[in-house]
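Student: using only what follows, build the 3D model:
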Amino acid sequence: MNRSNQPVVLAPTVGRFLIGMLVAGLFTSPVLAQADKVQRDLVPAVNVTSVGEGPPILLRWLATQDAASTLQVSTRTVPTLLENGLSLKEDTEATLAKTPRPPLERFWTIQGRIRETELPSMPRAQWRVLDGAARLYMLRPAAVPEATVENDDRERPTKSAPIQTKPGPDRPDPTGSQIPSASGPNSSAFEKSRAFARVQDNAISRCAGAAISQQFSGDGLVPTSIQIRLETASPRTMYEVERLTSILRLSGTLIPNQPIGIGGTWVSRWTNLEQRTPVETVMTWTLASVDDAALEATGIAETAVLKVRYTRRIVQGLDDEPVAPRLITMLESDGNGEIRLIMRNPMHLNAQLVQMPVRRDPKAPGAVEVTRMRVITTE
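Tutor: Modelled structure (predicted):
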């Protein structure tokens with residue numbers, strides 16, 4: 001029999017396999033290729049670079065089964081003309097550069113707990129976003145006009161000349177800073193800023209209900225294991241939740257597995273996707289202080305204060321397409337800050353961080369945007 005004209009019939013299993021391969025080939029994208037550079041759920045290595053001075057102190061998480069916290073996370077980006085823009089000291093009037101648009105603050109309230117999994121050695125931290133909001137920062141309301149009464153013949157008291165202690169809306173101080181005002185020649189810009197703030201507030205408020213989970217190891221919360229689930233998914237909402245998870249990664253701490261003294265430092269690095277782009281973070285923690293009992297008796301810290309420095313850089317291969325300058329400015333940064341730990345609760349996050357974009361040309365004039373981030377445990 002001549003079989004050349006007969007139709008070829010594939011077995012159902014083989015047919016489904018081939019169809020799946022074809023579909024996968026059609027939908028292969030640079031995003032999937034970028035994901036190959038990110039190793040999810042891999043606990044980053046922690047390397048001690050200096051043992052410090054004084055008695056060695058052991059940092060370890062003392063209990064995790066009942067660990068739970070409610071956090072308030074906030075961030076704002078302000079332009080600065082200061083060379084020491086990464087200083088934790090906050091001098092608002094000196095930090096703000098002259099700009100027609102006031103900075104925007106973002107807020108989230110999240111609640112989290114560590115829950116056991118099938119693997120007792122790898123429980124999961126589960127966060128729930130309770131609410132989110134945005135508002136303009138340091139916007140001075142327009143002056144309220146003084147009430148007038150018609151046919152008022154009473155003698156009005158004389159007013160002494162006001163003493164100007166702060167720069168006026170149209171008169172910057174000698175440093176070039178200026179406090180934004182809702183009135184003046186830039187009032188139209190402020191109206192646009194208010195409209196922008198309303199859009200941001202609406203987008204961030206939609207983060208409520210988002211679920212964030214990540215693995216917990218003996219070293220701490222694994223920064224590369226964060227997963228996000230949204231009740232109503234949209235690119236804008238995902239963008240705001242990713243902004244929140246970026247702060248959580250920087251606020252968490254991976255601790256060394258050996259005792260160190262005051263001044264001791266340890267380093268860790270990891271790569272994760274942000275805005276569909278692989279970004280490598282290199283964190284350096286320094287032990288600044290611990291509780292008195294750890295120093296004088298136990299040698300095991302109950303609380304600790306850490307100084308932290310970090311860099312964030314986009315990871316590119318030889319065959320990768322060039323990254324847009326706007327994305328580089330958004331994702332690449334240097335930062336530092338302070339983190340306070342309570343070793344009985346790794347979900348008790350308290351951090352104050354400051355970061356700014358990488359200065360490609362230190363001599364380039366103009367203001368640089370500095371982002372200040374705070375994480376506070378309320379209960």
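Student: which other helices and strands contact the longest helix belonging to the chain?
Tutor: Criterion DSSP state H: the longest helix present in the chain is helix 187-205. Packing partners of helix 187-205 (3 or more C-beta pairs under 8 Å, 6 or more residues apart in numbering; DSSP states H and E): strand 104-115, strand 124-136, helix 235-251. In this view, the C-beta of every residue, glycine as well, is placed from N, C-alpha and C.
Student: partners of I57 in the sheet?
Tutor: I260 (DSSP bridges).
Student: tell me the contacts of V222?
Tutor: Shown in contact with V222 (C-beta atoms under 8 Å, 6 or more residues apart in numbering): D41, L42, V43, P44, Q214, Q215, F216.
Student: likewise A208?
Tutor: By C-beta under 8 Å, 6+ apart, the residues touching A208 are V129, L130, D131, G132.
Student: pull out the buried residues from the residues you listed.
Tutor: Buried members of these, scored by 16 or more other C-beta atoms under 10 Å, are V129, L130, G132.
Student: need those in a markdown table (columns: distance to L244 and pLDDT).
Tutor: Converted to a markdown table, those look like this (distance: C-beta to C-beta, whole Å; pLDDT from 0 to 100):
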| residue | distance to L244 | pLDDT |
| --- | --- | --- |
| V129 | 7 | 96 |
| L130 | 12 | 95 |
| G132 | 8 | 94 |
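Student: all strands of this protein, in order?
Tutor: Per DSSP state E, the chain carries strands over the ranges 46-50, 53-57, 68-80, 104-115, 124-136, 211-215, 227-229, 260-262, 265-274, 277-290, 303-314, 333-342, 350-357, 368-377.
Student: so which of the ones you listed gets nearest S188?
Tutor: Between S188 and the strands of the chain, the shortest gap by C-beta to C-beta is with strand 124-136, which sits at 15.0 Å.
Student: name the helices or strands packed onto that closest one?
Tutor: Here strand 124-136 touches strand 104-115, helix 187-205, strand 211-215, helix 235-251, going by 3+ C-beta pairs under 8 Å, 6+ apart.
Student: what's the first one in contact with?
Tutor: To tie it back to what came earlier, the one meant is strand 104-115. 64-65, 67-77, 123-137, 196-197, 200, 204, 207, 212, 216, 240, 243-244, 346-347.
Student: residues of stretch 245-262 that come out buried?
Tutor: The neighbour-count check on stretch 245-262 (16+ other C-beta under 10 Å) flags 245-256, 259-262 as buried.
Student: what pLDDT, on average, does that stretch get?
Tutor: The average pLDDT for stretch 245-262 rounds to 95.
Student: pull the CA atoms of that stretch into PDB?
Tutor: What follows is stretch 245-262, C-alpha atoms only, in PDB (Å, rounded to 0.1, in the frame of the first residue of the first chain):
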ATOM      1  CA  THR A 245       8.600  45.400  47.400                       C
ATOM      2  CA  SER A 246      11.900  47.200  46.400                       C
ATOM      3  CA  ILE A 247      11.800  49.000  49.800                       C
ATOM      4  CA  LEU A 248      11.100  45.700  51.600                       C
ATOM      5  CA  ARG A 249      14.200  44.100  50.000                       C
ATOM      6  CA  LEU A 250      16.400  46.900  51.200                       C
ATOM      7  CA  SER A 251      14.900  47.000  54.700                       C
ATOM      8  CA  GLY A 252      15.300  43.300  55.300                       C
ATOM      9  CA  THR A 253      18.600  42.000  56.700                       C
ATOM     10  CA  LEU A 254      20.600  38.800  56.000                       C
ATOM     11  CA  ILE A 255      22.700  38.000  59.100                       C
ATOM     12  CA  PRO A 256      26.100  36.200  59.100                       C
ATOM     13  CA  ASN A 257      26.500  32.700  60.600                       C
ATOM     14  CA  GLN A 258      29.500  33.600  62.700                       C
ATOM     15  CA  PRO A 259      29.900  36.000  65.700                       C
ATOM     16  CA  ILE A 260      31.300  39.500  64.900                       C
ATOM     17  CA  GLY A 261      32.300  42.500  67.000                       C
ATOM     18  CA  ILE A 262      31.100  46.100  66.900                       C
END
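Student: thinking again about what came up before, dump the longest helix of the chain to PDB, restricted to CA.
Tutor: The C-alpha trace of helix 187-205 is given here as PDB (Å, rounded to 0.1, in the frame of the first residue of the first chain):
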ATOM      1  CA  SER A 187       0.100  78.300  40.500                       C
ATOM      2  CA  SER A 188      -0.800  76.600  37.200                       C
ATOM      3  CA  ALA A 189       2.100  74.100  37.800                       C
ATOM      4  CA  PHE A 190       0.700  73.400  41.300                       C
ATOM      5  CA  GLU A 191      -2.800  72.700  39.800                       C
ATOM      6  CA  LYS A 192      -1.100  70.200  37.500                       C
ATOM      7  CA  SER A 193       0.700  68.800  40.500                       C
ATOM      8  CA  ARG A 194      -2.500  68.400  42.400                       C
ATOM      9  CA  ALA A 195      -4.000  66.600  39.500                       C
ATOM     10  CA  PHE A 196      -1.000  64.300  39.200                       C
ATOM     11  CA  ALA A 197      -1.200  63.600  43.000                       C
ATOM     12  CA  ARG A 198      -4.800  62.600  42.600                       C
ATOM     13  CA  VAL A 199      -3.900  60.100  39.900                       C
ATOM     14  CA  GLN A 200      -1.100  58.700  42.000                       C
ATOM     15  CA  ASP A 201      -3.300  58.400  45.100                       C
ATOM     16  CA  ASN A 202      -5.900  56.500  43.100                       C
ATOM     17  CA  ALA A 203      -3.200  54.100  41.700                       C
ATOM     18  CA  ILE A 204      -1.600  53.500  45.100                       C
ATOM     19  CA  SER A 205      -5.000  53.000  46.800                       C
END
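Student: buried stuff in that helix?
Tutor: F190, S193, A197, Q200, D201, A203, I204.
Student: tilt between it and strand 124-136?
Tutor: Angle between the axes of helix 187-205 and strand 124-136 is 160 degrees (criterion: axes from the mean of the first three to the mean of the last three C-alpha atoms, to 10 degrees).
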